[in-house]
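Novice: Below is the structure, and that's it, no one-letter string:
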Ligand SMILES: N[C@@H](CCC(=O)NCCCC(=O)O)C(=O)O
């Protein structure tokens, strides 16, 4: 059986004054090496991503993190704290992609900015700066230049529901590199991990989806050193393989 296709929307990146579509290599590597699927990058911008065509070939979707933020207009909020951080081309692709993918029951794994898009796409809202919200901690990345520190263990999350049973534990220590976070959880979603300050750190869309998980942390960082990351990417890959098998059998 050929490897399942996992589509990965990128981010708009300006390099030398020109715009590129970029996906962090660690996301593609985790899809290929841990989920054992074929990553396929999707360009951004409404004219370059026919959602139906993308979903027709996909056996799964990975929504990667990004330094950019979901534009607040998508959740009825005020202007962005920093207009330079929005990526409208990414929002134009990922928000409708998420809704259509869930309708088709495509396996979906959303990470950090992808987790935030997941919530917004289904009607939820975000805090633009969690660290200034009363009662919440500072979830921003460590300032150390060493990436093993930036992406190293930062805080515990309490697991619940399916995620708790999948991982077979109540607590998990995760990394944390985000300004934004869930304010109001979208109605179709279930929260399955919580930080010590109560911030939602993992979400799932039940309703018959084989795998539809969003996490605020970064399991794609050195995943083979982390049993929980291995378990999540392998389960995601298996869901995509099951879909491929059904498709090939049809
Ligand atoms: N910009 C959002 C989401 C943060 C995020 O996804 N960080 C990862 C950036 C780099 C990478 O892909 O590893 C926020 O600040 O909340």
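Specialist: Here it is on my side, so go on. Predicted, not measured: the structure shown is a model, and the values here were computed from it.
Novice: Can you check which helix is longest in this structure?
Specialist: In the chain, with assignment by DSSP state H, the single longest helix is helix 227-249.
Novice: residues in this structure within reach of the ligand, list them.
Specialist: Residues of the chain lying near the ligand by C-beta under 6 Å from any ligand atom: 24, 64-69, 112-113, 177-180, 218. All C-beta spots, glycine's among them, are computed from the backbone N, C-alpha and C.
Novice: want to throw these into TSV with secondary structure and pLDDT?
Specialist: Below are those laid out as TSV (DSSP: H, G, I helix; E, B strand; the rest coil; pLDDT from 0 to 100):
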residue	secondary structure	pLDDT
24	coil	97
64	coil	98
65	coil	98
66	coil	97
67	coil	96
68	coil	98
69	strand	98
112	coil	98
113	helix	98
177	coil	98
178	coil	98
179	coil	97
180	coil	98
218	coil	98
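Novice: Among the residues you listed, which one sits closest to residue 9?
Specialist: The closest of the residues of the chain next to the ligand to residue 9 turns out to be residue 64 (C-beta to C-beta; 7.6 Å).
Novice: Please identify which helix or strand holds the closest residue to the closest one other than its chain neighbours.
Specialist: The shortest distance from residue 64 to any non-neighbouring residue, by C-beta to C-beta, 6 or more residues apart in numbering, is to residue 27 (4.2 Å). Using DSSP states H and E, residue 27 sits within helix 25-33.
Novice: so what does that helix touch, helix or strand wise?
Specialist: Helix 25-33 is packed against strand 5-9, strand 38-42, helix 227-249, with contacts defined by 3 or more C-beta pairs under 8 Å, 6 or more residues apart in numbering; DSSP states H and E.
Novice: most packed of those?
Specialist: Across the helices and strands packed on helix 25-33, averaging neighbours per residue (mean count of other C-beta atoms under 10 Å) puts strand 5-9 on top, at a mean of 23.
Novice: Can you check what angle separates that one from helix 25-33?
Specialist: Strand 5-9 runs at 170 degrees relative to helix 25-33, counting by axes from the mean of the first three to the mean of the last three C-alpha atoms, to 10 degrees.
Novice: Please work out the average pLDDT along strand 5-9.
Specialist: Here strand 5-9 scores 98 as its mean pLDDT.
Novice: now for it, which elements pack on it?
Specialist: Packing partners of strand 5-9 (3+ C-beta pairs under 8 Å, 6+ apart): helix 25-33, strand 38-42, helix 51-57, strand 60-63, helix 88-103, helix 227-249.
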